[in-house]
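**Student:** Turn this into a model:
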Amino acid sequence: IQIYLISFVDGTTSRTNTFCQDIQPTAESLVKQMTNDAQLWHDLLWSSGGALELPKCFYQIVYWDFHQGRPFIRELQPKLQMKIKDPKGKAISIEQLSPYTARKTVGHFKGPGQSVTQAANDIQTKGKQHAIFLKQSNLNPYEAWTYYFAIYLPSIGYTLPNTSFTETTLNKIDTEARRTLISKCELLEGPSELGGAGFRNLYTEQG
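**Tutor:** Residues are numbered from 1 along each chain as shown. From the prediction side, this is the model:
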């Protein structure tokens with residue numbers, strides 16, 4: 001037997017719904033269907049030599065209610081139970097997250113409830129780490145410029161096209177690093193042919 005590739009699949013998402021029903025299904029029936037789908041996916045992976053890391057799995061229920069014509073996601077209480085059997089037949093409980101809890105997927109915090117607080121905090125933490133590095137380093141203007149475009153901007157701007165931050169929030173995220181960059185590069189914005197460093201506004205980068 002020749003093995004050409006051993007790979008790990010991460011970040012797989014399964015969605016369960018019944019679009020063809022005129023009457024909205026109950027949350028309990030959706031969880032039951034979701035459990036069957038997840039168990040089937042688990043068994044298919046196991047039969048092909050793979051496995052789901054069940055303790056790392058979770059699920060969220062997006063169940064809509066309407067008040068005066070306005071939709072909102074219901075916070076289900078108590079939480080519904082979902083259990084998947086491992087290859088030895090042991091039932092493993094799958095964690096249920098609130099629809100208003102953002103989860104990290106491919107480096108990006110997103111959730112059905114559209115809360116941006118956790119995503120903003122994550123990006124701001126990155127911004128502070130970059131600012132600390134810049135303050136402690138002895139970079140000349142060219143090296144600081146290279147750091148900004150090669151490291152800082154990709155790190156901070158990677159998820160921005162999928163966000164809806166306000167301009168105030170993005171300016172707050174960008175403030176500390178910019179303060180340090182000003183001392184190294186002087187004129188940050190503006191075209192390079194006019195003496196500017198060509199640095200970009202995060203609100204513009206978001207689109």
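**Student:** what's in contact with the worst-scoring helix or strand of the chain on mean pLDDT?
**Tutor:** Here the helix or strand of the chain ranked lowest by mean pLDDT, DSSP states H and E is strand 103-105, holding a mean of 77. Outside strand 103-105, the residues that touch it by Cβ atoms under 8 Å, 6 or more residues apart in numbering are 11, 13, 58, 60, 97, 109-111, 122. In this view, the C-beta of every residue, glycine as well, is placed from N, C-alpha and C.
**Student:** Which members of those occur in helices, if any?
**Tutor:** Among those, the ones falling in helices (DSSP state H) are Asp122.
**Student:** now for the contacts of strand 103-105, which pair is the farthest apart?
**Tutor:** Using Cβ to Cβ, these span at most 19.6 Å, a distance reached by Thr13 and Asp122.
**Student:** out of these two, which sits in the more crowded spot?
**Tutor:** Legend: neighbour count by other Cβ atoms under 10 Å for Thr13 and Asp122, higher for Asp122 (16 against 7).
**Student:** what's that one in contact with, if anything?
**Tutor:** Shown in contact with Asp122 (Cβ under 8 Å, 6+ apart): 104, 109.
**Student:** What of Ile61?
**Tutor:** Taking Cβ under 8 Å, 6+ apart as the test, what Ile61 contacts is 27, 30-31, 76, 80, 96, 99.
**Student:** which ones among those residues are found in strands?
**Tutor:** Gln96 (DSSP state E).
**Student:** Which of the helices or strands spans Ile173?
**Tutor:** helix 167-185 (DSSP states H and E).
**Student:** Please save the CA atoms from that helix in CSV.
**Tutor:** The C-alpha coordinates for helix 167-185 follow below in CSV (Å, rounded to 0.1, in the frame of the first residue of the first chain):
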residue,chain,number,x,y,z
GLU,A,167,-15.5,53.7,11.4
THR,A,168,-15.1,54.6,15.1
THR,A,169,-14.4,51.0,16.1
LEU,A,170,-11.8,50.5,13.3
ASN,A,171,-10.1,53.8,14.2
LYS,A,172,-9.9,52.6,17.8
ILE,A,173,-8.3,49.3,16.6
ASP,A,174,-5.8,51.1,14.5
THR,A,175,-4.8,53.9,16.9
GLU,A,176,-2.0,52.4,18.9
ALA,A,177,-0.1,50.9,16.0
ARG,A,178,-0.5,54.2,14.0
ARG,A,179,0.9,56.2,16.9
THR,A,180,4.1,54.2,16.8
LEU,A,181,4.3,54.2,13.0
ILE,A,182,4.0,58.0,12.9
SER,A,183,7.2,58.2,14.9
LYS,A,184,8.9,55.9,12.4
CYS,A,185,7.4,56.9,9.0
